[in-house]
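Engineer: Give the three-dimensional model of this entry:
(4 chains, ligands or ions: 2)
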Amino acid sequence: MTEQLIFEYRSAGRKGFAPIAAGEPNLPADFLRQDDPLLPTASELDVVRHYTRLSQLNFSIDTHFYPLGSCTMKYNPRVCNRLAMLPQFLARHPLAAVEHGQGFMQTLYELQQMLEVATGMNAVSLTPMAGAQGEFAGVAMIRAYHDARGDTERRQIIVPDAAHGTNPATATMCGCDVVEVPTRADGDLDIDKLRAVVGPQTAGIMLTNPSTLGVFERQIKEIATLVHDAGGLLYYDGANLNAILGKTAPGAMGFDVVHVNLHKTFSTPHGGGGPGSGAVGVGAKLRPFLPIPYVMHDTKGGYYWATEATCPQSIGRLSAFMGNAGVLLRAYVYMRMLGSKGMQRVSDFSVLNANYLMVRLQEAGFTLAYPERRASHEFVVSLKQITRDTGVTAMDFAKALLDHGFHAPTTYFPLLVPECLLIEPTESESRQTLDAFVHAMADIRQQAYDDADAVKQAPLNMPVRRLDDVRAAKQPDLTWKRD
Amino acid sequence: MTEQLIFEYRSAGRKGFAPIAAGEPNLPADFLRQDDPLLPTASELDVVRHYTRLSQLNFSIDTHFYPLGSCTMKYNPRVCNRLAMLPQFLARHPLAAVEHGQGFMQTLYELQQMLEVATGMNAVSLTPMAGAQGEFAGVAMIRAYHDARGDTERRQIIVPDAAHGTNPATATMCGCDVVEVPTRADGDLDIDKLRAVVGPQTAGIMLTNPSTLGVFERQIKEIATLVHDAGGLLYYDGANLNAILGKTAPGAMGFDVVHVNLHKTFSTPHGGGGPGSGAVGVGAKLRPFLPIPYVMHDTKGGYYWATEATCPQSIGRLSAFMGNAGVLLRAYVYMRMLGSKGMQRVSDFSVLNANYLMVRLQEAGFTLAYPERRASHEFVVSLKQITRDTGVTAMDFAKALLDHGFHAPTTYFPLLVPECLLIEPTESESRQTLDAFVHAMADIRQQAYDDADAVKQAPLNMPVRRLDDVRAAKQPDLTWKRD
Amino acid sequence: MPFIPHTDDDVTAMLAAIGVTSLDKLFEEIPAELRIAGLDAVGPALSEAEISRLMQRRARADGEPLCFIGAGAYDHYVPAAVWDIATRGEFYSAYTPYQAEASQGTLQVIYEFQTMLASLTGLDVSNASLYDGATAFAEACLMAVRANRRNKSRKILVARSLSPVYREVAAGMLKGQGITLVELPLQDGCCDLAALQSLGGDYAAVAVQQPSFLGTLEQVDHITDWAHANNALMIGVVNPTSLALLKPPGQWGSNGADIACGEGQPLGVPLSAGGPYIGFMVCAAAVVRQMPGRIVGRTVDIDGKPGFTLTLQAREQHIRRSRATSNICTNQGLVATAATIYMALMGATGLREVARSCNANTGSLVAALTALPGVAPAFGQPYFHEAALRLDRPVGPVLDALSKQGVLGGFDLSRDYPELGHTLLVCATETRGTEDIKAYASVMSDVFGVAA
Amino acid sequence: MPFIPHTDDDVTAMLAAIGVTSLDKLFEEIPAELRIAGLDAVGPALSEAEISRLMQRRARADGEPLCFIGAGAYDHYVPAAVWDIATRGEFYSAYTPYQAEASQGTLQVIYEFQTMLASLTGLDVSNASLYDGATAFAEACLMAVRANRRNKSRKILVARSLSPVYREVAAGMLKGQGITLVELPLQDGCCDLAALQSLGGDYAAVAVQQPSFLGTLEQVDHITDWAHANNALMIGVVNPTSLALLKPPGQWGSNGADIACGEGQPLGVPLSAGGPYIGFMVCAAAVVRQMPGRIVGRTVDIDGKPGFTLTLQAREQHIRRSRATSNICTNQGLVATAATIYMALMGATGLREVARSCNANTGSLVAALTALPGVAPAFGQPYFHEAALRLDRPVGPVLDALSKQGVLGGFDLSRDYPELGHTLLVCATETRGTEDIKAYASVMSDVFGVAA
Ligand SMILES: Cc1ncc(COP(=O)(O)O)c(C=O)c1O
Ligand SMILES: Cc1ncc(COP(=O)(O)O)c(C=O)c1O
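Structural biologist: Ligands and ions are numbered 1, 2, ... in the order given. Presented below is the predicted three-dimensional model:
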């Protein structure tokens, strides 16, 4: 099953849609375009059919178990979409007068408050449009804090070797240098190595806890003291918040700033790559630097925007308007439906599912990267031994899982575990689904030992088989051209 | 690709949805149920995933060309659904005060008017919930008309042998006897045979024009005169209105009553079997008998319902409320978007597509049932010769087409053409799609002659292969049982 | 050209292939005297943006009053997932599943629907849907007459507490075939059992609604046993939500009802001004060959793999024509899909919670309204989620006054049941909680001119 | 338990399999002193019905005023098909297409998106999206500094007529890396070409917005040639709707701009209070290795069948980490899907019609408003679909008064461009026709205290 390109439905002059009849424009000729852009010439039916068919070529949460580690692929409730798309919300211009937006702004205000509670922080700004932009905001605030105190030489950001790529990339974007610290064999940070690199040049450290290795960093208090004593600040990458909601909080662990991936923990959809939201929360120290706009409230004036005028030390704006407002509405609906108890159950059951799946896979003969540790909401399996025995790699497992009707876990991340799978089931999957997944993994493992070549042939049942990535990069074909 | 039953996602006590917290009921114990009904115990994610997957097992207009004759499978514009599902329309109670429904009722009123224009009738009632119920209303009105004139012995309804099954079935439901009249080799009615059966016992005749054979009944004026002269009335089955919109109209042809399948001509969705709408229109004679409720209007009172009080001779109500209101809204939106010109284009292009496809298939070696005739919006191909030569039947062709990515045309209807396919492309399909269909048909034909057995194996690429219908009827398995 | 993809080049090429010179030539078989001048009265086309604006304006103009009307249509909460999935193109734009291999999605949904309905009603076989509750009742009467082998009567005994409009629709649909409805009278809002005892056995079937149109609970065990003792089939008209709590028709009396039918709207279908709703019908295995409508069965394919297909089609019009069990063809398929998804989400537990809330809220509503002087319960009977109240003044003007204040106060029973006097039927589903009930009571006390 | 399927039996069995006695035991590695008491401040859970009611109430409270604000977000009509399809579960709930074989739908959509954007802008390579127009502009500046091999300057020359908020966002994002924006001044609402002539060549890039933030059309050919003559790259910030009519960046000057970027919101994305929108970036082939964000390429599978995959990933953070071209990871994928469907529906013809209507309506709006005494065009320049008007009084109070009457009258330029005096930026898209423009003019004349 594949589908031709929309450009191939071509028939000169056909169009899919009749806009409101055009008036006569008034534009000087020398500004005008001479050629026609290469847009499709397809009917509305063609377009609907084409994109409906294309959609069917995807795996998604709504069709498949999707245990992609670090991505928290939980169920995205349909009602969140429904309510975020209420016509009045969709019709609201971002620069509309605040008296025409009190309902919308109250919602954002309450979302800020709920996130303050969940992270243990003092104040929240919802404006970052994804985790990476939240990180940018965080590190920019850290820099602004040091600069505001005249402490202008702090340019180093420390990250563990297990860190997500956005952490070091963010540090660079903020003009900082990255210092990597290794992880110990037990999955915790090598604190001696950390001690060695912390100093007056330290702007801060970026951590996620539980880490990307699926374990809780037990020395976090010590790390916090170490970094704080050296004058640095602690940044919390909130991608893994699902594991600790209501159990502990970045604030309790000593972090100064945190971003939350609403598109992970708070169930806004991934949309095949976004949009997300990377709301940032800060402790008292960083509060003046919070990015604008965010929502303030007073009993007289109602809800209004924090701006350059009200927040002169702010790091400023991160987007033209208010970030991914529609994503925020979805997260709000989800959080209100959970309530305080439901939020705690998220961590209870995501961790239950991860530990159950980990134990079952171990029973099925898989090697855990950190067998002595509890899983957080995710865990790492290493296939090194299987690869050594059979040649079947983590990539081969991933492809074979597709044929079994499961999306693959995250592969080859974190970088420090060879042939690894980072597996995150999330709380919204049932035991039955987890059992079926174990079954599939065990089958593939068996097949690897029985007939490794067969596994390497996978996938066989997908719309395409393995793609030639080298050719894709060497002979880039990035746009379709009229022939 | 198949999917387990929703009951198999079972886990006692699991539920998919948390309703508003229940209050304490107050019901005497002896009215209460003791057992639990066998409803699923699945989570919301399970349910979403299950039915999303099931949906993918279907062919549909939105995914496939669907040239099902007599069914007018044209594109169902998404905007019609969107606007019919505006929250206020959905929230309206059918018995709500009319002052809270003027917008809704104006819409129905205008729809009645547009259908009057399209059918050439005097008055329209939108209340029938499908074509067959429109037929029931029509024949019931014919009976009421004769009865009201004291002409109580007319109990025969004449139908052509090519008629759709609902026509004779309706006559029976109305307590009439069915008299069948044969079709001539040229596709028109055998008018001599008709003459022989018309008489004082004739209540009326049910016709569709163009007929289910895909040709326009040229003697319609003569037939009308014949039946009218005998004191009978003419019923128009509007399933094929797509072919004549704006060219001619039942009113112009002499019909006294007509139903319109809004789910065919006016593009409301079929929904895998309904809901539809079989709005009925009548000429002056039958106007007093029109089923209630329909919408009336006066400048003082606005829009209001016609009821038993305003229409004492009405055949009465056909449903608890106002028929399939939501379907009516969809048809209204569609018709307003077409406008008068667009409606005429519907017949222009549906007939163009049918004639083009007919000619192309003939060129590809297929035998037309009525080669001397123009196609209307559909046409009949007979595979008799191919079946004789190769054993490959119309059923085999149908299944083979599925493997080629096309829904099959209607097979074995009308009953009088052996091994027939009734093919209706509709105006919303492009020439490219028609050409691709011809290509597939030609391929299958070739394969029938080359390797008939291979065709008889089809389908191979569907979720299931040919199903055992005999077993289904002999050992009925109509509900799942807990094992 | 909305929804027509043809370019000028396409038209030229296609006409050439056909061998005609113009589109109009394709209509040459239509005699000239039948041709009409066009459809100018339909008016000009609107763009999608324009029609959207128009419809939004009309919808908004109608407002969203607070509704306490039931009377056959109930305002339950519909989870967002239900119609999001039901309106996926693959369900929405498919035809009746004639090509089973290309319609397994729709077919399996219907099989699941049948299973759920059979289980809810405690009976054996459900069909794939009928138009609505009223026509389902009419079809049940027709079916009973066909199916009753021991009693060739063409009369059906019907409770006066059964929906008046259902009785009206059925009367109209039965009339042509000479079948008549005989009324079983009312006693304190329920069937008069004494009157029943005095009747003879000349009925093809007995039909009772549970809960009744007046909201009351009928003595269905007693009536069912009476029917069977008198060679009549028993037809139960039931509300599916109530079946999560109430004894199902299959368990009525010693042998259960023979046919259950009703309106499926409460199962995830919005009020939507009256439709599309969904009639359902379920029956005992013994009478299935007289069942109208489509039925899906599970079978196997030639490889032995399970699959689904339309079955027992010899009952239907496209096969049996004038001898079919009904003329029904298109039914309410998409609504059945939505109802199936709704029931799957709810499960027995969720549906029971909804039913309990409805009952509790209606209790609170009755308490709040009867606290006003001039409002009293009309009957001394238990009720499910609808109750009749007797007012000290005519109902019509009260409802008008309430409506002006944005409250739809209930259904006026005085036209259909003049013997009950000024009686108002009210309903509070699970979506009408304390806040709404207070609001109603407060507006009502305004209208009655008393302090709340 | 919303969205958690576990029954008590499941929990018991799963804990037993793990070998612990309670859920809490699973958290034993979290040091006790870090444990928090819960999240009580979040409050109790609401059912789906309750949250629906709450959100509907809030949405309704905000009303739907008649909007003539543009200033970076434009109210175009979005065909119903766009989001109906984009929100299908298979698009909506998929992740970034890391497993290409199981993500061909999303990947092909992006490839089509890239093709459409490249063609609209007249450039070679588009990425899969950036966050929004403002960050796309910032990334374009960063990219230009990296890509300019002939000029190692860390300054970008930016038109003052380029969106003030884009400049503010970019300044914030460039600051850490020591890159600064230098302002090219304004002359009658456009770039001051005389001032440009007097500048030296010390810029990594020149950035101009077309149409400008003030609605005017810039002399982009001239500026592009100047940039290239001065060893600077040329960045065009463009509105995609306008590109159906206006000369695309790839054709500016003798050699075309090097990078085009902007806000894709006009392509089928509702105003939605500011987001999610979609930043786009397109560049000449020469500089693609410095492009930030994801890129999809077409390749073949091991059977030679064409397919799509993420490519050139060595630019990205998950591979290159601290040396990546950007930190962006999650982008605006679903919005790109919607924009692709929108463009597919519109085609070049449809998009051109939209653009023509916008221009014509804005012309009518300007005519209607400047007919009032005290309102005059601010500049003597051609404009696309936005125009600056000079008022005889402060803009703020005028906008407040209009808003009270349900009209959002435009964007007040006086904060960002104090030198322009009382200047108001107005916009009428294709959705603001004659009727709406009349309504605005009439309310405006009220506010101005003159007869309409
Ligand atoms: C651990 C971690 N940090 C940061 C990010 C970046 O978040 P985003 O993709 O929203 O920019 C991710 C997302 O993949 C992540 O898993
Ligand atoms: C010719 C004809 N008449 C009548 C009908 C019956 O219409 P409905 O299915 O809406 O009851 C059909 C539908 O299949 C038909 O094709």
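
Engineer: Please count neighbours and contacts with C-alpha atoms only from this point.
Structural biologist: Fine.

Engineer: Tell me the residues of chain C that contact ligand 2?
Structural biologist: C:328-330 (CA under 6 Å from any ligand atom).

Engineer: host element of residue 167?
Structural biologist: Using chain A here. helix A:166-173 (DSSP states H and E).

Engineer: Correction: the question concerned chain C.
Structural biologist: Counting by DSSP H and E, residue C:167 is found in helix C:164-175.

Engineer: Now do that helix: distance to the chain's middle.
Structural biologist: 14 Å (CA atoms, centre = their mean, to the nearest Å).

Engineer: swap in stretch A:319-328?
Structural biologist: 16 Å.

Engineer: Which residues outside it are in contact with it?
Structural biologist: Stretch A:319-328 has contacts (CA atoms under 8 Å, 6 or more residues apart in numbering or on different chains) with A:84-85, A:94-95, A:108, A:111, A:126-129, A:262-263, A:268, A:275-277, A:293-294, D:72, D:132-135, D:165-166, D:169, D:272-277.

Engineer: ok so, going back, quick check: angle from the helix holding residue A:167 to helix D:164-175?
Structural biologist: Using axes from the mean of the first three to the mean of the last three CA atoms, to 10 degrees, the inter-axis angle of helix A:166-173 relative to helix D:164-175 is 100 degrees.

Engineer: now what about helix A:166-173, what contacts it?
Structural biologist: So helix A:166-173 is contacted by A:132, A:135-136, A:139, A:157, A:159, A:177-178, A:206, D:173, D:176-177, D:317-318, D:321-324, D:326-329 (CA under 8 Å, 6+ apart).

Engineer: same question, stretch C:167-177
Structural biologist: B:140, B:173-176, B:315-320, C:134-135, C:137-139, C:141-142, C:179-181.

Engineer: Can you list which of these are found in strands?
Structural biologist: Among the contacts of stretch C:167-177, DSSP state E puts C:180-181 in strands.

Engineer: Quick check on the contacts of stretch C:167-177: which are buried?
Structural biologist: B:140, B:173-176, B:315-320, C:134-135, C:137-139, C:141-142, C:179-181 (16 or more other CA atoms under 10 Å in any protein chain shown).

Engineer: could you measure the residue in the stretch 151-300 of chain A positioned nearest to ligand 2 against residue C:85, distance?
Structural biologist: Using CA to the nearest ligand atom, the closest approach of the stretch 151-300 of chain A to ligand 2 is made by residue A:271 at 38.4 Å. With the distance defined as CA to CA, to the nearest Å, residue A:271 ends up 17 Å from residue C:85.

Engineer: Out of these two, name the residue with the larger neighbour count.
Structural biologist: residue A:271 (30 against 24; other CA atoms under 10 Å in any protein chain shown).

Engineer: what's the angle from the host helix or strand of residue A:158 to helix A:166-173?
Structural biologist: Assigned by DSSP H and E, residue A:158 belongs to strand A:156-160. Orientation of strand A:156-160 against helix A:166-173 (the same axes, to 10 degrees) gives an angle of 170 degrees.

Engineer: lowest confidence element among the helices and strands of chain C?
Structural biologist: helix C:317-320 (a mean of 87; mean pLDDT, DSSP states H and E).

Engineer: beta partners for the spatially most central residue of chain C?
Structural biologist: Centroid-nearest residue in chain C: residue C:263, 2.6 Å away (criterion: CA atoms, centre = their mean). Beta-bridge partners for residue C:263, by DSSP bridges, are residue C:279.

Engineer: Show the contacting residues for it.
Structural biologist: C:72, C:132-134, C:136, C:238-240, C:277-280 are the contacts of residue C:263 under CA under 8 Å, 6+ apart.

Engineer: Quick check: of these, which has the highest neighbour count?
Structural biologist: In the contacts of residue C:263, the most neighbours by other CA under 10 Å go to residue C:277, 36 neighbours.

Engineer: Now that that one has come up, it's in contact with residue C:269, right?
Structural biologist: Yes: contact criterion CA atoms under 8 Å: residue C:277 and residue C:269 qualify, at 6.7 Å.

Engineer: hey, which helix is longest across the chain?
Structural biologist: Went with chain A since none was named. The longest helix of chain A (DSSP state H) is helix A:325-363.

Engineer: meant chain C actually
Structural biologist: Max-length helix for chain C by DSSP H is helix C:333-370.

Engineer: Please pull up the helix or strand immediately following it.
Structural biologist: Downstream of helix C:333-370 (by DSSP H and E), the next one is strand C:375-377.

Engineer: Could you list every helix and strand that that following strand packs against?
Structural biologist: helix C:333-370, strand C:386-391 (3 or more CA pairs under 8 Å, 6 or more residues apart in numbering or on different chains; DSSP states H and E).

Engineer: per-domain residue ranges of chain C.
Structural biologist: Structurally, chain C divides into domains by automatic domain parsing as follows: C:66-78+C:347-448, C:80-341.

Engineer: ok, back up a step: make CSV out of the helices and strands packed on strand C:375-377 and add mean neighbour count, mean pLDDT and distance to residue A:466.
Structural biologist: Shown next, in CSV, are the helices and strands packed on strand C:375-377 (neighbours: other CA atoms under 10 Å in any protein chain shown; pLDDT from 0 to 100; distance: least, CA to CA, whole Å):
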stretch, mean neighbour count, mean pLDDT, distance to residue A:466
helix C:333-370, 26, 97, 36
strand C:386-391, 25, 98, 62
